[in-house]
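*Asks:* Pasting a predicted model and its sequence here:
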Amino acid sequence: MEIQQLLSKYMLEISKVDDENKLYSALVGILKRILDFQVLNVLRDKELIYSEPGDVTIAKEYYVDYLQWVEERLHPAFLPFEDIYVGLIPIFKGSKVLSLIVILTTNEPTAEVIDYLQLIAYLSGITLENLRLFKIVDDSREYYETIINVSNDGIIVFKDRDVEFKNVKAEQILNEHHRLFDEILKSIENGTEFFEFEEANSFFSVSLKGIKLFGEDRILVNVRNITTEKEIQKLKEVDKIKTNFIANISHELRTPLAAIKAYVETILSMPMNYEEIQEFLNIVHEQSLRLEQLLNDLLDFSQLESGTMRIVVEPANICDIIERAVSTVQVFAEEKKVKIESECLPITIECDRRRIEQVIVNLLNNAIKFSDPQKDSRYVRVSVSDEGEKIRISVEDNGIGIPGDKIDKIFDKFYRVDNELTYAIPGTGLGLAIVKEVVEMHGGEIQVKSEVGQGSIFEVILPKTKMSKE
Ligand code: ADP
């Protein structure tokens, strides 16, 4: 075969090699065609890394003194030793020697062969450099992947809507929470940079960031499991609620008790006529009713907690129930100068009339309690509308209103909005939790709309016929 043909065959061969040893064996193949040699060694940093035949090493004494000289010249050299030649062929790229081929041959190569060797060394240098660069890239990728896989956060890179990379943690999280993947895709579409995700008592915080690779857009998504943080936050909230509850309940007990004690002491210690005694006893009665109400709330709460609350349904006229509820809170409304307006439709529904009355009393009481002292005209309007299978009872006030970010919480047990408008208003935070439970036991629902400074509307939607849950 012509030497040019050999060279182009060699180029084709080395363009396909994917490791250093394969390159050297291709090199041995071509060298054998143009040079008659007995032994070939390849050195890197003076260490033997390849030999042909397999286990033969050329003694270093032959060439060690010439190494530097050859590496500086970057040109093949053949050194005569008695009846043999030691050939030194540096494989290089630019001015950097990547490895050195040492051969033992009995024939001195011609100048033409040395030129070919120089060309082969140059071509091999390019391939070797590429192989080493690929190896560096591969090793670096493996290195960073190992670091990223140790992370406790899920890390995902999206190219358009496809996952281009995900670490082990992300794989595990996405396998357990399929819905999270859809949420991430939605956020990519909307351009959302942060969201929290909750499923099966696990919480995740997810942040998204646009990044670029070779000028192309990617989205880097970081998913952090924040379940423990959320649990701690909840425990802290429960702790705060407990402390508040004890403070509230003590206040709720002390106020009527102090009033009862003071009025009874006055009756006992001062001479009074019948009317005066009657007036004082009325107050004592009123306060004992307040205590009784508090105890009922606590009892209801314990039933609610233990799941033992029951309802007894019977046909009842909603107007009767509303009328009784209004009369229960009438005195309180007058005290607070809140006008109660009530409109009704005489509809019969199947319900636990005592419990539904309790619901309406509770809503009316709140509307009065949280009325706005700044307003001259204060009102609470209770009305009923017929919605076919259902009725809607609405209790609307022009009181202080509820801040938007608190609205979701007011039905939680013990929750009370805590601000300068509410701090002096007594309560336990149990009323609405009980109201919601009773309404839901009837198969109904409760809705609320409110605006601070404007007022609130609580709406109870009840089915006309029994749909109670046991
Ligand atoms: P309580 O009245 O004992 O505080 P509730 O469970 O009945 O407890 O109500 C929870 C919280 O919701 C109240 O503390 C109050 O902040 C808010 N709230 C309820 N009803 C109204 C209302 N009509 N107007 C303004 N705030 C209200």
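*Replies:* Cool, the structure landed. Residues are numbered from 1 along each chain as shown.

*Asks:* Contact residues of this protein facing the ligand?
*Replies:* 366-367, 370, 397, 399-402, 410, 415-417, 422, 427-433, 456 (C-beta under 6 Å from any ligand atom). Yep, even glycine has a C-beta here, placed from its N, CA and C like the rest.

*Asks:* ok, of the residues you listed, which come out buried?
*Replies:* Among the residues of the chain next to the ligand, those classed as buried by 16 or more other C-beta atoms under 10 Å are 366-367, 370, 397, 399-402, 410, 415-417, 427-433, 456.

*Asks:* can you tell me which of these are in helices?
*Replies:* Among those, DSSP state H puts Asn366, Ala367, Gly431, Leu432, Ala433 in helices.

*Asks:* What is the most widely separated pair among those residues?
*Replies:* Ala367 and Ala433 (17.3 Å; C-beta to C-beta).

*Asks:* The closest residue to Ala259 other than its chain neighbours: which element?
*Replies:* Leaving aside its chain neighbours, Ala259 sits nearest to Gln287 (4.6 Å; criterion: C-beta to C-beta, 6 or more residues apart in numbering). Per DSSP states H and E, Gln287 falls inside helix 274-306.

*Asks:* returning to what we had before: now the ones in helices among the buried ones among the residues of the chain next to the ligand as TSV including pLDDT?
*Replies:* Below are those laid out as TSV (pLDDT from 0 to 100):
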residue	pLDDT
Asn366	94
Ala367	96
Gly431	90
Leu432	94
Ala433	92
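
*Asks:* Just give me the closest of the residues you listed to Asp297.
*Replies:* Gly431 (6.9 Å).

*Asks:* Go through the top strand by length along the chain and flag the buried ones.
*Replies:* In the chain, taking DSSP state E as the definition, the longest strand is strand 202-213. The neighbour-count check on strand 202-213 (16+ other C-beta under 10 Å) flags Phe203, Phe204, Ser205, Val206, Leu208 as buried.

*Asks:* What of stretch 96-103?
*Replies:* Val97, Leu98, Ser99, Leu100, Ile101, Val102, Ile103.

*Asks:* contact partners of that stretch?
*Replies:* Stretch 96-103 is contacted from outside by 27, 31, 35, 37, 39-44, 49, 58, 62-63, 67, 70-71, 74, 86-92, 121, 125, 128-129, 132, using C-beta atoms under 8 Å, 6 or more residues apart in numbering.

*Asks:* just checking, which of those residues belong to helices?
*Replies:* Per DSSP H, those map to helices at Leu27, Leu31, Leu67, Val70, Glu71, Ala121, Gly125, Leu128, Glu129, Arg132.

*Asks:* Just the buried subset of the residues you listed, please.
*Replies:* For these, buried by 16+ other C-beta under 10 Å: Leu27, Leu31, Leu67, Val70, Ala121, Gly125, Leu128, Glu129.

*Asks:* number of nearby residues for the nearest residue to Glu199 once chain neighbours are set aside?
*Replies:* With sequence-adjacent residues excluded and distances taken as C-beta to C-beta, 6+ apart, Glu199 is closest to His177, at 5.2 Å. Residues within reach of His177, counting by other C-beta atoms under 10 Å, total 19.

*Asks:* Would you confirm that His177 contacts Glu198?
*Replies:* No - His177 lies out of contact with Glu198 (C-beta atoms under 8 Å); the separation is 9.8 Å.

*Asks:* which residues do those two both contact?
*Replies:* Phe204.

*Asks:* Need the phi and psi values for the nearest residue to Asn419 once chain neighbours are set aside.
*Replies:* Excluding the flanking residues, the one nearest Asn419 by C-beta to C-beta, 6+ apart is Pro403, at 7.5 Å. Dihedral pair for Pro403: phi -60, psi 140, per degrees, to the nearest 10.

*Asks:* What's the local residue count around Pro403?
*Replies:* 13.

*Asks:* The chain should start at 29 in everything you say after this.
*Replies:* Done: numbering now begins at 29, and the last item shifts to Pro431.

*Asks:* give me every residue that touches it.
*Replies:* Val445, Asn447, Val480.

*Asks:* and the next element down the chain from the longest strand of the chain?
*Replies:* strand 244-253.

*Asks:* CA atoms only: put that next one into CSV for me.
*Replies:* Extracted in CSV, the C-alpha atoms of strand 244-253 (Å, rounded to 0.1, in the frame of the first residue of the first chain):
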residue,chain,number,x,y,z
GLU,A,244,-29.9,28.4,24.9
ASP,A,245,-32.5,28.9,27.6
ARG,A,246,-33.0,26.4,30.4
ILE,A,247,-35.0,26.5,33.6
LEU,A,248,-33.3,25.3,36.8
VAL,A,249,-35.7,24.0,39.4
ASN,A,250,-34.8,23.5,43.0
VAL,A,251,-37.2,21.4,45.1
ARG,A,252,-36.7,21.5,48.9
ASN,A,253,-38.5,19.3,51.4
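
*Asks:* Sounds good, over and out.
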